[in-house]
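K.L.:
What shape does this take:
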Amino acid sequence: MTRNDPIKHVFIWPALLIVLIISIFPLIYSLTTSFMSLRLVPPMPARFVGFGNYAELLQNPRFWNVAKTTSIIAFISVALQYVVGFSVALALNRRVPGEGLFRVTFLLPMLVAPVAVALVARQVLNPTMGPLNELMTFFGFPNLPFLTQTSWALGAIIVVEVWQWTPFVILMMLAGLQTLPDDVYEAASLENASPWQQFWGITFPMMLPISVAVVFIRLIESYKIIDTVFVMTGGGPGISTETLTLFAYQEGFKKFNLGYTSALSFLFLIVITVIGLVYLAILKPYLEKHK
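P.N.:
Residues are numbered from 1 along each chain as shown. This is a model prediction of the structure:
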């Protein structure tokens, strides 16, 4: 079979059409539902309200609160993941003793289900019976409200996110570091450039494209966080750690307010898109400079 053989379309198009139907139909249905007042419990007939759901959401202080909370978790956790992940990748790239063992060990958290990680974290950080607080009590320190006070709860969620997803950053950055040419570093050594100068003058600029991609992927994924928050705090205390996806879950699967939830989902999509476009627009000049 040649590349121009028309028989290839017989195999490609049916699969492509099935994927498009499966992907596009829910999207279109959700978009039309977002313009309707539709509730399953108590049963209410669908009623067209136009942009009413969107207007109600934008006037709802809870929406802005959960958007702020989600942004705090996403930006802080991704920043820490990048710094820690890049640092570990640089260390592993130096061919340290036991490098193979370290690689496997660092990747283990990423292989565990987020729900399982959150369950373990909730037990460890339990304010009354958690082993961490028991250890602190043993040494004479007071119990800390890891999951019952807003600032501590947000910090606990961020720490768990960093612990679980830093391995992804390590993996990607290490792969990028191993593709860098050695002759550039040899030339820098001949010029008596210090390791710090080599990092900022060679490594960081050459790793900028993959850094942008890694941070972008993790930022988008972090905005979709639900399982860790749901298991660890349930959005509490109150709604102080509630995220956008958890808010959508509460409205859709507990209140069965489908129209409102669909509007929330599309606003969430708009927020993610705007953040992505702004992020790429800010970094575009730097990427073009280091091509």
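K.L.:
for the stretch 1-150 of the chain, what spans make up the helices?
P.N.:
With helices called from DSSP state H, counting those that start in this stretch, the stretch 1-150 of the chain shows them at 8-33, 52-58, 61-92, 99-111, 114-124, 131-138, 150-177.
K.L.:
Tabulate these (JSON lines), appending distance to F230 and mean pLDDT.
P.N.:
Just so you know, the C-beta spots here come from the backbone N, C-alpha and C atoms, and that holds for glycine as well. Below are the helices of the stretch 1-150 of the chain laid out as JSON lines (distance: least, C-beta to C-beta, whole Å; pLDDT from 0 to 100):
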{"stretch": "helix 8-33", "distance to F230": "21", "mean pLDDT": "84"}
{"stretch": "helix 52-58", "distance to F230": "21", "mean pLDDT": "91"}
{"stretch": "helix 61-92", "distance to F230": "13", "mean pLDDT": "93"}
{"stretch": "helix 99-111", "distance to F230": "19", "mean pLDDT": "78"}
{"stretch": "helix 114-124", "distance to F230": "8", "mean pLDDT": "92"}
{"stretch": "helix 131-138", "distance to F230": "21", "mean pLDDT": "86"}
{"stretch": "helix 150-177", "distance to F230": "11", "mean pLDDT": "93"}
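K.L.:
With mean neighbour count and distance to F204 added, can I get the ones you listed in TSV?
P.N.:
Shown next, in TSV, are the helices of the stretch 1-150 of the chain (neighbours: other C-beta atoms under 10 Å; distance: least, C-beta to C-beta, whole Å):
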stretch	mean neighbour count	distance to F204
helix 8-33	11	38
helix 52-58	17	40
helix 61-92	18	9
helix 99-111	12	21
helix 114-124	16	30
helix 131-138	13	36
helix 150-177	20	11
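K.L.:
what would those look like in CSV with distance to F216?
P.N.:
CSV is the format used below for those (distance: least, C-beta to C-beta, whole Å):
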stretch, distance to F216
helix 8-33, 21
helix 52-58, 26
helix 61-92, 9
helix 99-111, 18
helix 114-124, 20
helix 131-138, 34
helix 150-177, 11
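K.L.:
of the ones you listed, which approaches F256 most closely?
P.N.:
Among the helices of the stretch 1-150 of the chain, helix 8-33 comes nearest to F256, with 12.2 Å by C-beta to C-beta.
K.L.:
Show me what the closest one is packed against.
P.N.:
On a contact count with 3 or more C-beta pairs under 8 Å, 6 or more residues apart in numbering; DSSP states H and E, helix 8-33 meets helix 258-289.
K.L.:
Show me which residues of the helix it packs on are buried.
P.N.:
Neighbour-count burial for helix 258-289, counted by 16 or more other C-beta atoms under 10 Å, picks out 258-268, 272, 275, 283.
K.L.:
Reformat these as TSV; add pLDDT and distance to V214.
P.N.:
Below are these laid out as TSV (pLDDT from 0 to 100; distance: C-beta to C-beta, whole Å):
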residue	pLDDT	distance to V214
L258	88	36
G259	89	37
Y260	90	35
T261	90	31
S262	91	31
A263	92	32
L264	92	28
S265	90	26
F266	90	27
L267	90	27
F268	89	22
I272	89	17
I275	88	16
L283	84	12
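K.L.:
ok, these vs F86, which is closest?
P.N.:
The closest of the buried residues of helix 258-289, once distances to F86 are taken by C-beta to C-beta, is L283, at 15.9 Å.
K.L.:
my guess is the closest one contacts P209, does it?
P.N.:
No. If you go by C-beta atoms under 8 Å, L283 and P209 don't touch, sitting 9.5 Å apart.
K.L.:
picking up where we left off before, how about the helices of the stretch 1-150 of the chain, which one is nearest V184?
P.N.:
Closest to V184 of those is helix 150-177 (C-beta to C-beta; 12.5 Å).
K.L.:
which other helices and strands contact that closest one?
P.N.:
Using 3+ C-beta pairs under 8 Å, 6+ apart: helix 150-177 touches helix 61-92, helix 99-111, helix 114-124, helix 204-223, helix 227-232.
K.L.:
Redo those as JSON lines? Include distance to G50.
P.N.:
Shown next, in JSON lines, are the helices and strands packed on helix 150-177 (distance: least, C-beta to C-beta, whole Å):
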{"stretch": "helix 61-92", "distance to G50": "18"}
{"stretch": "helix 99-111", "distance to G50": "44"}
{"stretch": "helix 114-124", "distance to G50": "37"}
{"stretch": "helix 204-223", "distance to G50": "27"}
{"stretch": "helix 227-232", "distance to G50": "32"}
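K.L.:
With that, I have no additional questions.
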